[in-house]
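> Here is a sequence with its predicted model. Questions after.
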Amino acid sequence: MNYKPYAISWNTTYRCNLRCSHCYLDTNALTKQSAKELSTQEGLRLIDQMAELNPNLLLILTGGEPLLRKDIYELASYASQKGMMVVLGTNGNLIDDDIARKLKESGVTGVGISLDSVEPGRHDQFRGIPDAWDDTLNGIEACRRQGIEFQIQTTVTRENFHEIPDIIEFSYNLGAKVFNLFFLVCTGKGQELTDITPQQYDQALHHLFDIQKKYQGKMMVGAKCAPHYRRIVYEHDPSSPLVRTYAGGCPAGTHYCRITPEGDVTPCPYMPNVSGNVREKTFGEIWKGSENFQTLRDATLHGRCGVCEFQHICKGCRARALATTGNQMDEDAWCDYVPGRHGNKVIKLETSDTFGTEENFSMPWSIEARGILKQIPSFGRGMVIKGVERFAANNSYREITVEIMRAAREEMMSNRKTAFPMKSEALNIASQSDTIVPSPLEGREEDGIQSLKKKGEEIPWTEEARKRVANAPDFVRPGIYKLMQKKARQHGYHEITSKFLSEIRDESMQLASKRIRNIGFDELRMDAWDKAKEKLKIARKKEVIDKIKAFLDERTAKNEGIITKFQAYLKTAGEKVEQEKTAIPVWTDEAKQRMEKAPIFVRGRAKKSIEDFAVQQGITEITVELITQYMKNIPSFIKNKFM
């Protein structure tokens with residue numbers, strides 16, 4: 001069998017700005033740069049060596065805190081240019097708009113951000129410093145503003161075991177594309193912690209399967225460092241893509257590995273047994289020739305794992321076996337399943353469409369379809385090709401287009417065995433690491449292929465809307481069509497209607513009013529155009545203004561009507577602004593102090609909502625009692641955290 005790396009987790013540094021009690025990096029100098037860390041040039045050479053084995057692999061840049069490496073953007077950019085899908089594992093505390101923008105420009109397709117509670121104090125205690133919760137959420141908001149997709153990852157412990165459903169709901173409300181629940185492997189500093197019991201482990205996985213149904217098509221919900229989850233999924237639904245598209249259990253040493261800051265290669269982040277160092281051997285030599293890796297690939301399991309009928313689907317967590325017995329092939333003590341419950345024969349799923357299927361084309365693909373295919377991680381690409389081409393052949397299609405890919409996906413949704421799995425499932429199953437996140441193909445309401453298609457296709461117009469735009473002058477009509485497409489996507493519209501055009505017109509008039517006042521006019525007059533023209537430096541904009549003025553001059557009646565409308569609008573808009581100014585309720589000092597307890601990133605929105613609530617109630621003073629009354633309508637798990 002060809003054991004190709006599909007995903008690699010690279011701990012780029014030991015340095016970290018947090019003090020997490022569960023961290024698997026066993027070091028006492030987390031704030032200082034280790035002299036043994038791979039240099040920039042060594043890192044670039046390592047990426048070259050990875051690309052020789054698989055240029056399209058998923059590269060996870062993590063730490064420590066990877067953003068403490070000044071060259072992280074250079075490393076990410078270089079790997080991205082090689083064809084790799086690059087993601088970042090971070091605590092999110094250092095991310096602001098500038099950093100998020102740099103990450104996006106460097107080719108980072110997403111970030112995995114750790115959040116361990118909806119209770120700020122509990123999260124801060126787990127992470128070892130005060131205000132970590134607020135900083136993490138501020139980082140998430142920066143990612144959202146800059147268009148970087150993110151997943152939330154939570155490490156389950158006895159302290160947060162009871163709030164898992166709330167954390168998942170909170171993650172969805174934040175806009176996460178994926179939520180992953182991590183099950184602690186007691187290594188590094190975490191070896192001093194007491195993990196949840198095997199019974200709680202099993203209970204959490206069953207509960208997770210039930211919860212994920214609620215978010216199907218909206219947010220992927222999965223488990224990490226819990227290969228037993230595939231056994232539990234099989235017990236609930238043997239046809240699930242989670243077990244049908246990936247057999248082989250824990251991928252450590254077979255399709256996945258970890259690289260430490262100093263260049264040691266281990267099967268996974270929680271397995272300290274070193275298979276080689278990239279300063280002494282090439283990555284390819286270590287991957288292909290490590291005796292340690294060969295043992296994992298041979299997969300001769302001991303104990304209960306060795307006689308379990310799910311050993312092909314699950315394989316158990318090899319890191320837990322190593323941590324508890326010293327032998328990575330022993331049974332996983334955190335699994336309480338008794339072999340034989342489903343018979344004594346090893347279950348081997350019969351499917352030819354799995355991760356790792358070779359990329360073999362038997363039909364022509366359009367350029368657009370191949371473009372989408374390139375966005376799929378290499379380990380799932382062959383499977384997608386085979387599933388789509390089978391669908392096309394069954395329906396007598398001769399060429400694969402984006403529309404056919406979408407139709408194949410829709411058929412898969414109604415019959416999971418006929419096409420291919422969701423993009424998020426592909427990424428989730430790929431690795432047991434702590435940082436896997438989806439690429440931009442991922443969508444909140446639809447699968448990745450449909451989501452990308454929607455970004456590039458034209459949003460349909462109603463006949464009434466098209467007639468309205470047809471009355472615009474020729475030289476501005478193309479710009480209007482383009483702007484309305486952009487605005488419709490921003491507002492989440494699936495169709496451009498006359499009502500939508502009116503909404504955008506109102507927004508534009510408000511903006512025009514503001515700009516006219518900035519120029520120095522209290523009302524719209526024709527000489528406002530000349531004034532605006534003087535303020536513009538770009539010749540092209542001057543030409544447009546000249547054309548607009550000429551157009552208005554040629555249509556006297558229309559011109560007078562437009563001016564009249566603008567004058568009326570400016571007058572009412574001004575009156576409305578003054579009314580709004582006088583209508584804003586006054587805050588008491590106690591109410592202000594309570595609002596200061598809310599995180600910065602929600603404070604403005606919360607303040608505006610409470611003021612609107614007060615105005616609706618005819619109340620002119622905002623008190624603590626009013627805030628309490630308002631908060632009764634907010635879900636309790638959010639209420640207690642924000643106020």
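Received, thanks.
> give me the low-pLDDT residue ranges for the stretch 1-150 of the chain?
Screening the stretch 1-150 of the chain residue by residue with the criterion pLDDT under 70, one finds the ranges 1, 19-35.
> Tell me the pLDDT of A419.
With respect to pLDDT, A419 scores 33.
> what does T572 give?
As summarised for this prediction, T572 has a pLDDT of 56.
> what do you get for the one 5 residues further on?
The score at V577 is 47. That number is its pLDDT.
> I'd like the distance between R297 and A252.
Taking C-beta to C-beta, to the nearest Å as the measure, R297 falls 10 Å from A252. C-beta: built from backbone N, CA, C; applies to glycine.
> make that K214, sorry
When C-beta to C-beta is the yardstick, K214 and A252 sit 30 Å from each other.
> Neighbour count for the two, which is higher?
Taking neighbours as other C-beta atoms under 10 Å, K214 and A252 compare with A252 leading, 28 against 13.
> any idea how far F183 is from that one?
14 Å.
> same deal with D298?
Taking C-beta to C-beta as the measure, D298 falls 25 Å from F183.
> neighbour count winner among those two?
Neighbours per residue, other C-beta under 10 Å: of D298 and F183, the larger number sits with F183, 24 against 9.
> I figured that one hits A223, correct?
Yes. With contacts defined as C-beta atoms under 8 Å, F183 counts as touching A223 at a distance of 6.8 Å.
> And the strands in this structure?
Taking DSSP state E to define them, one finds strands in the chain at 7-11, 58-62, 85-90, 108-114, 149-156, 178-183, 220-224, 256-259, 264-266, 276-277, 586-587, 621-622.
> Just name the most buried of the ones you listed.
Across those, averaging neighbours per residue (mean count of other C-beta atoms under 10 Å) puts strand 85-90 on top, at a mean of 27.
> partners of that strand, with directions?
The partner list of strand 85-90 in its sheet, established with DSSP bridges, is strand 58-62 (parallel), strand 108-114 (parallel).
> any idea how far the residue nearest the centre of the chain lies from A100?
For the chain, the residue sitting closest to the mean C-alpha position, by C-alpha atoms, centre = their mean, is F150 at 2.6 Å. In this structure, F150 and A100 are separated by 10 Å, where distance is defined by C-beta to C-beta.
> shared neighbours of the two, anything?
Counting by C-beta atoms under 8 Å, 6 or more residues apart in numbering, the contacts common to F150 and A100 are C143.
> got a list of what T154 touches?
Taking C-beta under 8 Å, 6+ apart as the test, what T154 contacts is S114, L115, D116, N160, I164, I167, S171, F179, N180, L181, F182.
> any chance of these in JSON lines, plus distance to V338?
Putting those into JSON lines (distance: C-beta to C-beta, whole Å) gives the following:
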{"residue": "S114", "distance to V338": "34"}
{"residue": "L115", "distance to V338": "35"}
{"residue": "D116", "distance to V338": "32"}
{"residue": "N160", "distance to V338": "29"}
{"residue": "I164", "distance to V338": "25"}
{"residue": "I167", "distance to V338": "31"}
{"residue": "S171", "distance to V338": "34"}
{"residue": "F179", "distance to V338": "30"}
{"residue": "N180", "distance to V338": "28"}
{"residue": "L181", "distance to V338": "24"}
{"residue": "F182", "distance to V338": "25"}
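> my read: S362 touches E389, true?
Yes. Taking C-beta under 8 Å as the contact criterion, S362 and E389 are neighbours in contact, 5.7 Å apart.
> And these two? Which one has more around it.
Taking S362 and E389 together and counting by other C-beta under 10 Å, E389 has the greater number of neighbours (19 against 10).
> for the more buried one, what are its contacts?
F361, S362, M363, I400.
> thought G107 was touching S80?
Yes. At 2.7 Å, G107 and S80 qualify as touching, with contact defined as C-beta under 8 Å.
> Pull up the overlap in contacts between those two.
Between them, G107 and S80 share the contacting residues V86, judged by C-beta under 8 Å, 6+ apart.
> residues in contact with the closest residue to A142 other than its chain neighbours?
Spatial nearest neighbour of A142, excluding adjacent residues (C-beta to C-beta, 6 or more residues apart in numbering): A100 at 4.5 Å. By C-beta under 8 Å, 6+ apart, the residues touching A100 are G139, A142, C143, R145, Q146, I148.
> go with 10 Å
Counting by C-beta atoms under 10 Å, 6 or more residues apart in numbering, A100 makes contact with 108, 111, 139-148, 150.
> May I see those organised as a markdown table, with distance to D210 added?
Compiled in a markdown table, the contacts of A100 are given as follows (distance: C-beta to C-beta, whole Å):
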| residue | distance to D210 |
| --- | --- |
| V108 | 33 |
| V111 | 28 |
| G139 | 30 |
| I140 | 26 |
| E141 | 30 |
| A142 | 33 |
| C143 | 29 |
| R144 | 28 |
| R145 | 34 |
| Q146 | 34 |
| G147 | 32 |
| I148 | 30 |
| F150 | 25 |
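> Of those, select the buried ones using a ChimeraX command.
Per 16 or more other C-beta atoms under 10 Å, the buried members of those correspond to this ChimeraX selection:
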select :108,111,139,140,141,142,143,144,146,148,150
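> Closest to N395 out of the contacts of A100?
When the contacts of A100 are compared for distance to N395, the smallest value, 35.6 Å, is given by G147; criterion: C-beta to C-beta.
> if I read this right, that closest one contacts K104, doesn't it?
Yes. Judged on C-beta atoms under 10 Å, G147 makes contact with K104 at a distance of 6.7 Å.
> picking up where we left off before, tell me, what's touching F183 and A223 both at once?
When contacts are counted by C-beta under 10 Å, 6+ apart, F183 and A223 are jointly contacted by V156, Y201, A204, L205, Y229, Q432.
> For stretch 106-121, measure first residue to last.
Stretch 106-121 stretches 34 Å from its first residue to its last (C-alpha to C-alpha, to the nearest Å).
> and if you look at stretch 273-288?
Taking C-alpha to C-alpha, the span from the opening residue of stretch 273-288 to its closing residue is 16 Å.
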